[in-house]
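Asks: Provide a 3D model corresponding to the input given below.
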Amino acid sequence: MDGNFPPAAVLSVVLLTVALSSSAAFLEPYDLLYDNAVQAFYSGDYGNVVRFMEGALSSYREVRRTKVRCRLRCQDQHPFDQALSDLRFFDVVLRRAACMNTCIEEKLGTQSVHKVSEDVAQDFHRRIPYNYLQQAYLKLKQPDKAAAAAHTYFQANAEHVEMGQNLEQYKDLQGVNEDHFVDREARPHQHSFTAAVRLYDKGDYESAIVLFEEALVEYYKADVECRAQCQGPQRFEGHDHLRYRYSLHELVSDHFTQVLHCEHECVRDLATRPGRLSPMENYLPLHYDYLQFAYFQGELQVNGKWSALQCSLTYLLFHEGEEFMTDNVDYYREVLEHDGKPREVRNCCEVHVAFPNYYCAVISVGGSLVYDSVQLVQNSVALNGSQRVLLDHVISEEQCAELRNLAHAVTMAGDGYRGRMSPHTPNERFEGATVLKTLQYGYEGRVPMKSARLFYDTSERARRIIESYFQLNSTLHFSYTHLVCRTAITGQQDHRNDLSHPIHADNCLLDPEANECWKEAPAYTYRDYSALLYLNGDFDGGEFIFTEMDAKTVTASVKPRCGRMVGFSSGGENPHGVKAVTSGQRCAVALWFTLDPLFREMERLQADEVIHTLDTQSVWGQGLNINPKDEL
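Replies: Predicted coordinates for the structure are as follows:
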């Protein structure tokens with residue numbers, strides 16, 4: 001073995017090789033190769049850095065590829081029939097598992113050797129190996145390969161300032177040209193889609209069509225592979241398997257529920273670019289939107305219009321009743337004097353037999369409102385945008401009044417906004433409070449605990465409605481919750497030309513001049529959905545408005561009133577603001593949500609624990625013998 005390594009490292013390789021010498025095949029574990037590469041890096045042995053790191057990346061890909069192929073093959077060989085008896089079902093499960101194990105071990109060797117720690121898995125997901133490679137290749141005077149490694153790393157770590165500077169320097173190095181800046185981990189479906197959009201924007205519709213069609217083929221292939229990766233062992237959060245005493249049927253049910261959730265996440269995964277937390281909006285349907293217009297523009301003959309009609313009808317499978325696409329369909333039908341059929345949307349709506357329409361749900365908007373009293377007032381079309389909804393009767397008049405009284409007792413000037421009295425305008429007084437603070441006030445007897453609990457329950461009610469209506473494919477978590485009132489300051493309302501809250505987007509930096517919204521710090525990039533639940537309407541001004549990206553053109557206006565809630569996705573598709581409150585006080589519950597559990601609101605988690613304690617004591621009749629300082 002080349003390079004200078006500690007004896008322990010060499011011995012581990014030898015022992016591992018001996019232990020696995022009886023395997024039909026053996027692929028070196030990528031975590032071991034990765035560790036050797038890192039040790040070589042810190043020893044200055046850059047030749048072995050490249051050798052081991054490239055080997056680790058190759059092993060990583062081969063493990064993934066082998067598992068996908070084996071799982072797909074074994075699923076085909078041992079399918080689930082639509083009607084299975086208990087014994088037949090378990091027979092298929094066992095045969096499929098045995099098939100997978102045999103297939104994988106024939107290709108890779110003992111599977112346990114290829115289990116890696118969460119830290120290593122995260123490093124490969126974040127493309128850390130390419131950071132080592134770019135430095136090693138540079139030391140070895142191979143700037144072309146260094147440029148490719150640096151570019152690959154930077155695609156998933158755009159916030160890495162030093163790497164960005166390195167890339168600029170590579171451009172000036174002799175022997176490096178534009179073709180060397182390639183993403184070695186590029187996902188084919190995303191690469192083709194991005195290239196197709198560029199051609200489309202240039203008006204090269206014929207070339208764009210080829211790449212959009214290629215992107216669709218690659219997307220459905222990636223979808224199959226992603227879901228195949230979900231077929232392995234699952235994690236059961238919060239369960240100690242040594243004490244897991246559920247029945248066999250419950251265990252199997254838990255497993256397949258986890259598998260189904262994992263498969264569902266593929267929709268988000270395939271639409272999420274490297275290094276990003278949120279998926280591209282409307283990703284798969286957009287392919288058919290672009291294609292219908294490209295076919296229409298690129299081929300004015302009948303065949304082009306036929307293809308355009310097919311793509312338009314396919315888009316409507318995702319967004320039934322979308323006005324602009326419905327108009328396009330009517331036009332194509334009139335020109336062709338004939339109807340058509342949508343394309344087959346492969347895999348997108350393919351589901352486990354027990355869960356029909358599971359995948360289709362994620363791409364349509366307009367799901368259940370959960371509670372009988374809630375009424376839909378306007379959907380996205382009526383609000384002239386996408387991912388928007390306006391609802392009434394989310395809470396009652398009595399509940400509105402109770403929350404307003406709560407606000408008057410617990411809110412403080414600027415609370416939640418670093419103590420600033422008027423964070424958005426000096427012409428209004430801004431006051432707010434969090435859920436945890438109101439619960440603390442309840443414990444201290446400064447407000448009725450019933451009212452504090454109402455604030456908590458109301459926010460959860462709003463979360464469930466938003467999650468259900470937008471038919472999200474994973475749990476929606478609280479990012480921030482704020483009970484807030486804006487009060488017009490007497491004597492400062494004449495000739496006002498400002499807004500109560502300037503036009504902005506919730507998870508990106510709005511740039512009206514560039515017609516862009518930059519998803520970068522200091523924006524709350526992890527926020528995915530937002531909602532405002534109004535508690536009153538007896539004030540002047542204060543309308544909530546949506547605008548175009550120019551921050552000027554108003555597309556929809558909402559007049560607040562008790563129990564009314566506006567919900568929307570938090571990105572640049574929904575710039576919004578609040579008109580000046582010129583008289584009276586405007587109160588609301590403001591809510592921001594995230595699909596990423598890493599960015600859950602910490603105060604909310606503490607509030608959950610408090611509520612759990614309250615409920616437990618209520619059940620066991622122990623009373624409220626809690627020290628607020630201990631709980632809060």
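Asks: quick one: the closest residue to residue 474 other than its chain neighbours from residue 569, how far?
Replies: Closest residue in space to residue 474, ignoring its immediate chain neighbours: residue 595 at 5.5 Å, by C-beta to C-beta, 6 or more residues apart in numbering. Placement of C-beta: from N, CA and C, glycine included. Residue 595 is 11 Å from residue 569, where distance means C-beta to C-beta, to the nearest Å.
Asks: Spit out the residues that contact those two alike.
Replies: The contact sets of residue 595 and residue 569 overlap at residue 528 (C-beta atoms under 8 Å, 6 or more residues apart in numbering).
Asks: Comparing these two, which residue is more hemmed in?
Replies: Looking at residue 595 and residue 569 with other C-beta atoms under 10 Å, you find the greater number of neighbours at residue 569, namely 26 against 22.
Asks: Now residue 391: which helix or strand?
Replies: Element membership for residue 391, per DSSP states H and E: strand 388-392.
Asks: model confidence over that strand, on average?
Replies: Per-residue pLDDT values across strand 388-392 average out to 94.
Asks: Same question for stretch 293-305.
Replies: Rounded mean pLDDT across stretch 293-305 is 72.
Asks: same question, stretch 395-403
Replies: 96.
Asks: what's the answer for stretch 181-195, then?
Replies: 90.
Asks: out of everything not next to it in sequence, what's closest to residue 26?
Replies: residue 109 (4.0 Å).
Asks: An error on my part: the question was meant for residue 529.
Replies: residue 593 (4.4 Å).
Asks: following the host helix or strand of that neighbour, which helix or strand shows up next?
Replies: Secondary structure from DSSP H and E places residue 593 in strand 585-594. Using DSSP H and E, the helix or strand that follows strand 585-594 towards the C-terminus is helix 602-620.
Asks: where are the low-confidence patches of the stretch 51-200 of the chain?
Replies: Scanning the stretch 51-200 of the chain for pLDDT under 70 picks out the ranges 81-86.
Asks: what do you get if the cut-off is 90, keeping everything else the same?
Replies: 63-123, 125-126, 143, 154-183, 185-186 (pLDDT under 90).
Asks: In the stretch 451-600 of the chain, what residue spans correspond to strands?
Replies: Applying DSSP state E, counting those that start in this stretch to the stretch 451-600 of the chain gives strands spanning 477-488, 499-504, 509-511, 516-518, 529-534, 540-541, 544-547, 554-558, 565-569, 576-579, 581-583, 585-594.
Asks: Columns mean pLDDT and distance to residue 469 on top of those, output as a markdown table?
Replies: Shown next, in a markdown table, are the strands of the stretch 451-600 of the chain (pLDDT from 0 to 100; distance: least, C-beta to C-beta, whole Å):
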| stretch | mean pLDDT | distance to residue 469 |
| --- | --- | --- |
| strand 477-488 | 93 | 17 |
| strand 499-504 | 92 | 23 |
| strand 509-511 | 91 | 25 |
| strand 516-518 | 87 | 23 |
| strand 529-534 | 96 | 10 |
| strand 540-541 | 92 | 28 |
| strand 544-547 | 95 | 17 |
| strand 554-558 | 93 | 16 |
| strand 565-569 | 96 | 7 |
| strand 576-579 | 95 | 18 |
| strand 581-583 | 93 | 28 |
| strand 585-594 | 95 | 12 |
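Asks: that older thread, contact partners for the residue nearest to residue 474?
Replies: Residue 595 neighbours (C-beta under 8 Å, 6+ apart): 268, 277, 278, 472, 474, 475, 476, 477, 528.
Asks: returning to what we had before: for the strand holding residue 391, the distance to its chain's centre please.
Replies: Strand 388-392 sits 22 Å away from the centroid of its parent chain (C-alpha atoms, centre = their mean, to the nearest Å).
Asks: for it, packing partners?
Replies: When contacts are defined as 3 or more C-beta pairs under 8 Å, 6 or more residues apart in numbering; DSSP states H and E, strand 388-392 sits against strand 375-378, helix 449-469, strand 565-569.
Asks: any idea which of the ones you listed is most buried?
Replies: Stretch with highest mean neighbour count among those: strand 565-569 (a mean of 25; mean count of other C-beta atoms under 10 Å).
Asks: mind listing what that strand pairs with, with the direction of each?
Replies: In the sheet, strand 565-569 lines up against strand 388-392 (antiparallel), strand 529-534 (antiparallel) (DSSP bridges).
Asks: Ok, which of those strands comes nearest residue 447?
Replies: Nearest of these to residue 447, taken as C-beta to C-beta: strand 529-534 at 19.0 Å.
Asks: Of the contacts of residue 595, which belong to helices?
Replies: Per DSSP state H, helices hold the following members of those: residue 268.
Asks: Of the contacts of residue 595, which is the nearest to residue 497?
Replies: residue 528 (33.0 Å).
Asks: Does the closest one touch residue 594 like I think?
Replies: Yes: between residue 528 and residue 594 there is a contact at 5.4 Å, judged by C-beta atoms under 8 Å.
Asks: Between the two, which contacts overlap?
Replies: Both residue 528 and residue 594 are contacted by residue 476, under the criterion C-beta under 8 Å, 6+ apart.
Asks: out of the strands of the stretch 451-600 of the chain, which comes closest to residue 330?
Replies: When the strands of the stretch 451-600 of the chain are compared by C-beta to C-beta, strand 554-558 sits nearest residue 330, at 23.9 Å.
Asks: Same question for that closest one: list its buried residues.
Replies: The neighbour-count check on strand 554-558 (16 or more other C-beta atoms under 10 Å) flags 556, 558 as buried.
Asks: again, but for stretch 125-133
Replies: Result for stretch 125-133 [16+ other C-beta under 10 Å]: buried residues 127, 128, 129, 130, 131, 132, 133.
Asks: Setting aside sequence neighbours, what's the nearest residue to the second one?
Replies: Counting by C-beta to C-beta, 6+ apart, residue 153 is the residue found nearest to residue 128 once chain neighbours are left out, at 7.8 Å.
Asks: so what secondary structure elements neighbour the lengthiest helix in the chain?
Replies: If you go by DSSP H, the chain has its longest helix at helix 46-77. If you count contacts as 3+ C-beta pairs under 8 Å, 6+ apart, helix 46-77 packs onto helix 30-42, helix 86-108, helix 128-139, helix 205-228.
Asks: Can I get these in a markdown table including distance to residue 335?
Replies: Formatted as a markdown table, the helices and strands packed on helix 46-77 follow (distance: least, C-beta to C-beta, whole Å):
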| stretch | distance to residue 335 |
| --- | --- |
| helix 30-42 | 56 |
| helix 86-108 | 50 |
| helix 128-139 | 51 |
| helix 205-228 | 18 |
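Asks: out of the ones you listed, nearest to residue 148?
Replies: helix 128-139 (8.2 Å).
Asks: contacts for the helix or strand that comes right after that closest one?
Replies: Next along the chain after helix 128-139, taking DSSP H and E as the criterion, comes helix 143-156. Surrounding helix 143-156, the residues in contact under the criterion C-beta under 8 Å, 6+ apart are 126-128, 130-131, 133-135, 137-138, 160, 163-164, 166-167, 170, 173-176, 180-186, 274-275.
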